[in-house]
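Chemist: this one's structure only:
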């Protein structure tokens, strides 16, 4: 994987910053840990998409911090447009749009049109959810716990990472398998774990950076919890997702085994042979997806304790990580920030304990 060079070529990170910080951020290591079995081309495309996602998240943060409403609205509109026709946006003036289009084409190239259309349907609401967060932050709105959990499944892009399980396995699962209770439960459990564990580990960074979207912050604001209690509750929720996955995983593996036992009832020999091959292919894809769902847990855990993205205590300014690019985009119209409501206190997070699940 050459994501460090890709970040520079696509102008998502300045060359000096990429050389100094990209390896320490561990973005590509994270992807390599939870998409085992991918081809080199697919793994590289997903690694670049993951790096793009972090860069987009950082741009979101900077546009909020500087109230660059016009710039942010234009970016969202351009991302939606690129989603509909990525080939026409490969040379877009906005680096985030051009890089996004590049990732879409590379990830979708070996997959059938039905998969590409599904990925696009799932990406659109993610863009809209980031825009909702933008509006929340400008208006100083902390979502309730229930609203936050719903929003988080979009801003973390649960469905996209689950779609990419199939791209790594090299085939599309039948809807009957993909939409089964066991598959949905296992998939959402691994993604909720990743999103909520990220909240747990990034809480100090996000309090320092005046972020409002974190499960811990919602618990503090709307449930009246102190910081230590909120951290404990988030940790319990994270652990619960591990248990939910392990239960659903058993059902998924039983489903995979049942595919080999199925018989083509009432079909000719040729049809029966074709059906057997299709079931075996489905079983292989399902087992790959299940195995890589499991891989999300240790990889996410490892990443959050190795990546420099979460080492607030090492930054000169905890509210402005060194990997951020502060240069404003070309299309910028100043916006007036609404009057602020009281903020969550800037308590220091429990770094020594946050690794315990």
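Modeler: Looks like it came in fine. As the structure is a prediction and not an experimental result, all values here were calculated from the model.

Chemist: any chance you could map the strands in the stretch 101-250 of the chain?
Modeler: With DSSP state E, counting those that start in this stretch as the criterion, the stretch 101-250 of the chain has no strands.

Chemist: Quick one: the helices in it, in order.
Modeler: 113-138, 145-155, 158-169, 175-178, 181-208, 215-223, 227-261 (DSSP state H, counting those that start in this stretch).

Chemist: worst average pLDDT in these?
Modeler: Mean pLDDT per stretch puts helix 181-208 lowest among those, at a mean of 91.

Chemist: That one versus helix 158-169: what angle between them?
Modeler: 120 degrees (axes from the mean of the first three to the mean of the last three C-alpha atoms, to 10 degrees).

Chemist: circling back to that earlier point, now mean neighbour count and distance to residue 47 too, for the helices of the stretch 101-250 of the chain, in JSON lines please.
Modeler: (Glycine included, C-beta is placed from N, CA and C.) Below are the helices of the stretch 101-250 of the chain laid out as JSON lines (neighbours: other C-beta atoms under 10 Å; distance: least, C-beta to C-beta, whole Å):
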{"stretch": "helix 113-138", "mean neighbour count": "17", "distance to residue 47": "17"}
{"stretch": "helix 145-155", "mean neighbour count": "17", "distance to residue 47": "20"}
{"stretch": "helix 158-169", "mean neighbour count": "22", "distance to residue 47": "11"}
{"stretch": "helix 175-178", "mean neighbour count": "14", "distance to residue 47": "24"}
{"stretch": "helix 181-208", "mean neighbour count": "22", "distance to residue 47": "16"}
{"stretch": "helix 215-223", "mean neighbour count": "21", "distance to residue 47": "27"}
{"stretch": "helix 227-261", "mean neighbour count": "16", "distance to residue 47": "24"}
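
Chemist: Between these, which one is closest to residue 300.
Modeler: Nearest to residue 300, of all the helices of the stretch 101-250 of the chain, is helix 181-208, at 4.5 Å by C-beta to C-beta.

Chemist: Which strands or helices does the closest one pack on?
Modeler: For helix 181-208, the packing partners by 3 or more C-beta pairs under 8 Å, 6 or more residues apart in numbering; DSSP states H and E come out as helix 145-155, helix 158-169, helix 215-223, helix 227-261, helix 269-306.

Chemist: Of all those, which one is nearest residue 183?
Modeler: helix 227-261 (6.3 Å).

Chemist: quick one, that closest one and helix 215-223 angle?
Modeler: Helix 227-261 and helix 215-223 meet at an angle of 120 degrees, taking the same axes, to 10 degrees as the criterion.

Chemist: quick one: helix 227-261 to chain centroid distance?
Modeler: 18 Å (C-alpha atoms, centre = their mean, to the nearest Å).
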